[in-house]
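S.K.: I would like the atomic coordinates for the input below:
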Amino acid sequence: MRTDLSALKFNQLSVVALTALALLVRQPWLSGLLGAAMLIGAVWPQRSPMKAAYRTLAPLLGLRPDVVDESPEAHHFAQGVGGVFLLASALAVFGGLTGLGIVLGFLVIGLALLNLTARICVGCLMYFQYRMLRYRLTARS
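M.R.: Okay, here's the model as predicted:
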């Protein structure tokens, strides 16, 4: 399987920018919309709104594909986790728990920046731990 690292970077930058904008202008619906788009991309990668945005904007921004032989499964899992956290952030704000919503939003920003700058994908690490645990549990049976 193959993964486009340029698309991953575009997604991370988009998540950082849109989440920061949502927090700055206090529009939790934007976090919710982004979270939903991320979840769609995690569950149905072929229908990802983020992928569609990348395909549309990449030529305009001068981005070129950087495709590597790497399974995208861990990245899809990480995207799903980020989407859940952004939806939880929006729901928290709508439910009157503004502080929690802000913390969750900043957590997503921080983890996306960590991946973008240091290439440490915490969601991917979670995915690999899940796979290892699943392997150990099935190996005992």
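
S.K.: count of neighbours near L63?
M.R.: By the measure other CB atoms under 10 Å, the count of residues near L63 is 15. Any C-beta I mention is one placed from the backbone N, CA and C, and that applies to glycine too.

S.K.: for L100, that is, sorry about that
M.R.: Number of residues near L100 (other CB under 10 Å) recorded here: 15.

S.K.: in the helix or strand hosting S14, what's buried?
M.R.: Assigned by DSSP states H and E, S14 belongs to helix 5-24. Residues of helix 5-24 classed as buried by neighbour count (16 or more other CB atoms under 10 Å): A7, L8, F10, N11, Q12, S14, V15, V16, L18, T19, A22, L23.

S.K.: which residues sit in contact with C124?
M.R.: By CB atoms under 8 Å, 6 or more residues apart in numbering, C124 lies in contact with A74, H75, F77, A78.

S.K.: Helices of the chain, start to end?
M.R.: In the chain, the helices defined using DSSP state H lie at 5-24, 28-43, 49-61, 73-94, 98-118, 122-140.

S.K.: And the ones you listed: which comes nearest V67?
M.R.: Evaluated over the helices of the chain, closeness to V67 peaks at helix 5-24, with 7.5 Å, by CB to CB.

S.K.: what's the angle between the closest one and helix 28-43?
M.R.: 160 degrees (axes from the mean of the first three to the mean of the last three CA atoms, to 10 degrees).

S.K.: Compute the inter-axis angle for helix 5-24 and helix 73-94.
M.R.: Using the same axes, to 10 degrees: helix 5-24 against helix 73-94 is 10 degrees.
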